[in-house]
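Asks: A structural model of the following input is requested.
(2 chains)
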Amino acid sequence: MLNEIVFLLCAAVTLVGAVAAMMLRNLVHCALCAAGAFAGLAAIYLQLDAEFVGFAQVLIYVGAIAILIVFAVLLTRGGDVQPSAATTSPSWWVGLPVAALVVASLIGSIMASPRLLRLPTPNVHAPVKQIGEQLMNQFVMPLETVGLLLTAALLGAVVIGLREPRKTESNAP
Amino acid sequence: MTTPLANYLILASLLFGIGLAGALARRNAVLVLIGLELMLNAANLNFIAFWRFSPHPEMLTGQMFVLFSIAIAAAEVAVGLALVIAIYRHRRTAQLDRFDSLKG
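Replies: Just a heads-up that it's a prediction; the model follows:
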């Protein structure tokens, strides 16, 4: 019973945060609501006994990605709200039915499957020690590859974000 | 623990739908990236839920997949936001319908 209440609360926080992040006009508010949705998801991970992933979600999404998004909003002047400007793309009336169709088909197939009503496996433990041992043994190649990918992505982000050098004076008319 | 697996899957599909609607309908490039992140998070929630309800949770494969997925999402968002800022520097706007140089 208590478990269901916790789940419903976390789900409500997540869904309200996600809807607000997609609907609000001010982009800074959108970024903060998205951070709230990520935090609600972290709470759901904790409720599902996945402590390590829950804390990783808090560190990476609520910490790093939300801050990155706020920086990007401020650098592109997204916080300046013009009341007259449209916030939706010209083809929004195509996007919304597509999304509704996807959700309806997903939920319909979930409801139609009686096997998904099963209850969780009791007494699950996922200690950090075991996760670390698995990362160092079975998953060591993916771990190294992710390290390489992150290095390349951060270097690429810096190169893309670098200000381009000004043209030399001789080229100017 | 009494919540069945289907509730988590329904929450994940609603989250995916919200992210998809936002990514398809909003005009601002940063908001489209936020929508993509919401969709990725919905997929991660599915992985964790299936891991928790699986008959062999001691294998930890669901958690491992989510950890790698979070790392790749971080790389993706860093490059995506750098691209948005680079385009903003050229076009002085972050509205997606104004990025039409390649439109025929």
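
Asks: for chain A, what's the nearest residue on chain B?
Replies: Proximity of chain B to chain A (CB to the nearest CB) peaks at B:L24, 2.7 Å away. All C-beta spots, glycine's among them, are computed from the backbone N, C-alpha and C.

Asks: who does whichever strand or helix holds B:A12 touch, helix- and strand-wise?
Replies: Using DSSP states H and E, B:A12 maps to helix B:5-25. Helix B:5-25 makes packing contacts with helix A:2-23, helix A:27-47, helix A:92-112, helix B:29-53 when contacts are defined by 3 or more CB pairs under 8 Å, 6 or more residues apart in numbering or on different chains; DSSP states H and E.

Asks: using a markdown table, lay out those helices together with distance to A:S84 and mean neighbour count.
Replies: Listed next are the helices and strands packed on helix B:5-25 as a markdown table, based on distance: least, CB to CB, whole Å; neighbours: other CB atoms under 10 Å in any protein chain shown:
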| stretch | distance to A:S84 | mean neighbour count |
| --- | --- | --- |
| helix A:2-23 | 18 | 18 |
| helix A:27-47 | 16 | 22 |
| helix A:92-112 | 17 | 14 |
| helix B:29-53 | 18 | 23 |
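
Asks: make JSON lines out of these and add distance to A:N123 and mean pLDDT.
Replies: As requested, those are exported to JSON lines (distance: least, CB to CB, whole Å; pLDDT from 0 to 100):
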{"stretch": "helix A:2-23", "distance to A:N123": "15", "mean pLDDT": "94"}
{"stretch": "helix A:27-47", "distance to A:N123": "16", "mean pLDDT": "94"}
{"stretch": "helix A:92-112", "distance to A:N123": "26", "mean pLDDT": "93"}
{"stretch": "helix B:29-53", "distance to A:N123": "12", "mean pLDDT": "94"}
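
Asks: turn these into JSON lines, including distance to A:L148.
Replies: Compiled in JSON lines, the helices and strands packed on helix B:5-25 are given as follows (distance: least, CB to CB, whole Å):
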{"stretch": "helix A:2-23", "distance to A:L148": "32"}
{"stretch": "helix A:27-47", "distance to A:L148": "26"}
{"stretch": "helix A:92-112", "distance to A:L148": "34"}
{"stretch": "helix B:29-53", "distance to A:L148": "20"}
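
Asks: out of those, which is closest to A:V158?
Replies: Among the helices and strands packed on helix B:5-25, the nearest to A:V158 by CB to CB is helix B:29-53 (18.0 Å).

Asks: is the next helix or strand along the chain from the closest one anywhere near chain A?
Replies: Downstream of helix B:29-53, the next assigned helix or strand under DSSP H and E is helix B:61-91. Yes: among the residues of helix B:61-91, B:62-64, B:66-68, B:70-79, B:81-86, B:88-89 lie within reach of chain A under CB under 8 Å from any CB of the partner chain.
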